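1. Pasted the sequence and its predicted model underneath.
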Amino acid sequence: MAFTAQDVKALREKTGCGMMDCKKALTQADGNMDAAIDFLREQGLAKQAKKASRIAAEGVAFALTSEDNKCGVVIEVNAETDFVAKNADFQAFVKTCALTVMKEKPADVDALLALKADGSDMTVAELLQEKVLTIGENIKIRRFERFDGPSVAYVHAGGKIGVLVNFETSVDTTDAQFVACGKDVAMQIAALNTPYLSKEDVPAEVLDHEKEILVAQMKQDPKMANKPEQVLSKIVEGKIGKYYKENCLLDQEFVKDSSMTVGKYIESVSKALGGDIKVVKFVRFEKGEGIEKRQDDFAAEVASMIQ
């Protein structure tokens, strides 16, 4: 029995499965819609598609480096519940994804899904599908970053936050003191969610906006309102220093020792090791950030079950 593009569309609307999967199902079923639906159910695809529509805002942010700390990856993989995020099978899948990124250097998530998973004959997409079916929740690989060069990884609170810091250094990247310094810097980033590395990295438009706010605040102050613009500008420049100290990693007060900045701390470790250590860049992933979480109405759910 032949089938048309409209049949493929109709099957997709009924099951939520992909276009190619629907076309394959109709081919297998010789155009019979009911048989095609059964085929998709047997393959677990219809069940997977249904799960894929559910919000996945939990999961983990995970980071790791190579044994010599000369390459690093941070990745976020989402699931529907925190319970699944603690599942050993789920965590193993996340690590497999990170190792695949490290070894294969995919450009983006789509490229990662098409690759053979590290230590497996399956692609990452196939392995993901298997985990959705066996674990029973929607699972999504959301994002990742990969750094070449000396790197240190840090995972906070069992996967709530993942941080990867990339360095330029002349010291041994496996030296315990270098690694400890890297973790201290990563922990600072995790704790304070630092947006910029240094003053030079703050965009001009961000500084201009900050200055406008400071000027507006002073004009609301009766003691400052009548001062000349030139005086206000000098005061603003002084206040911008506080902005740098709060928003630029190297200018921040080091959380482990308030007598120095993060930049001075790194300099002290560099001196102790007899080399140079410079932070090049960093990335911080917090699980579920920016994802609108589902708000369950438990009372309504129970009421619907007893009607």
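-> That came through, no problem. Residues are numbered from 1 along each chain as shown.
2. From here on, just use CA atoms for contacts and neighbour counts.
-> Fine.
3. what bits of this structure have low per-residue confidence?
-> 1, 15-18, 41, 43-54, 293-307 (pLDDT under 70).
4. quick one, longest helix in it?
-> Identified as the longest helix of the chain according to DSSP state H is helix 229-247.
5. helices or strands up against that one?
-> Applying 3 or more Cα pairs under 8 Å, 6 or more residues apart in numbering; DSSP states H and E, we find helix 229-247 packed against helix 204-219.
6. Could you check the helix it packs on and say which residues are buried?
-> By 16 or more other Cα atoms under 10 Å, the buried positions in helix 204-219 come out as Glu210, Lys211, Leu214, Val215, Met218.
7. Kindly report the same for stretch 56-63.
-> Buried residues in stretch 56-63, counting neighbours by 16+ other Cα under 10 Å, are found at Ala56, Ala57, Glu58, Gly59, Val60, Ala61, Phe62, Ala63.
8. and the second one, how far is that from Leu127?
-> Shown here: Ala57 relative to Leu127, a distance of 20 Å by Cα to Cα, to the nearest Å.
9. Pop out the phi and psi values for the closest residue to Gly59 other than its chain neighbours.
-> Spatial nearest neighbour of Gly59, chain neighbours left out: Asn78 (4.1 Å); criterion: Cα to Cα, 6 or more residues apart in numbering. When quoted as degrees, to the nearest 10, the phi and psi of Asn78 stand at phi -100, psi 150.
10. Glu67 too?
-> Torsion angles, degrees, to the nearest 10, at Glu67: phi -60, psi -30.
11. Glu104 versus that one, what's the distance?
-> To Glu104, Glu67 is 16 Å away according to Cα to Cα.
12. higher neighbour count, those two?
-> Counted by other Cα atoms under 10 Å, Glu67 and Glu104 do not tie: Glu104 has more neighbours, with 14 against 10.
13. Let me see the contact set for the more buried one.
-> The contact partners of Glu104, by Cα atoms under 8 Å, 6 or more residues apart in numbering, come to Leu115.
14. Just say helix, strand or coil for Thr194.
-> Following DSSP: H, G, I helix; E, B strand; the rest coil, the label given to Thr194 is coil.
15. so it touches Leu249, yeah?
-> Yes - shown here, Thr194 and Leu249 form a contact pair, counting by Cα atoms under 8 Å, at 6.1 Å.
16. Who has more neighbours out of these two?
-> Just comparing Thr194 and Leu249: by other Cα under 10 Å the higher neighbour count belongs to Leu249, 25 against 18.
17. Without its sequence neighbours, what residue ends up closest to that one?
-> Leu197 (4.8 Å).
18. Work out for me the element Phe62 sits within.
-> Element membership of Phe62 [criterion: DSSP states H and E] is strand 60-65.
19. Just confirm Asn69 is within a helix.
-> No - the assignment for Asn69, made by three-state DSSP, is coil rather than a helix.
20. mind listing what it touches?
-> Asn69 neighbours (Cα under 8 Å, 6+ apart): Gly149, Pro150, Ser151, Val152, Thr173, Thr174.
21. Which residue, other than its chain neighbours, is closest to the first one?
-> Distances taken as Cα to Cα, 6+ apart put Lys70 closest to Gly149, at 4.6 Å, once the chain neighbours are dropped.
22. what ranges do the helices span in the protein?
-> Counting by DSSP H, one finds helices in the chain at the ranges 5-15, 19-28, 33-43, 45-52, 82-85, 88-104, 109-114, 124-135, 176-192, 204-219, 229-247, 262-273, 298-306.
23. could you dump the ones you listed to CSV with distance to Val165?
-> CSV is the format used below for the helices of the chain (distance: least, Cα to Cα, whole Å):
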stretch, distance to Val165
helix 5-15, 43
helix 19-28, 41
helix 33-43, 42
helix 45-52, 32
helix 82-85, 24
helix 88-104, 15
helix 109-114, 21
helix 124-135, 26
helix 176-192, 6
helix 204-219, 24
helix 229-247, 17
helix 262-273, 13
helix 298-306, 42
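24. May I have the residues that are in contact with the nearest residue to Asp118 once chain neighbours are set aside?
-> Spatial nearest neighbour of Asp118, chain neighbours left out: Thr100 (5.1 Å); criterion: Cα to Cα, 6+ apart. Listed by Cα under 8 Å, 6+ apart, the contact set of Thr100 reads Leu112, Leu115, Lys116, Ala117, Asp118.
25. okay if I get those as CSV plus distance to Met224?
-> Output for the contacts of Thr100, formatted as CSV (distance: Cα to Cα, whole Å):
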residue, distance to Met224
Leu112, 57
Leu115, 62
Lys116, 64
Ala117, 63
Asp118, 63
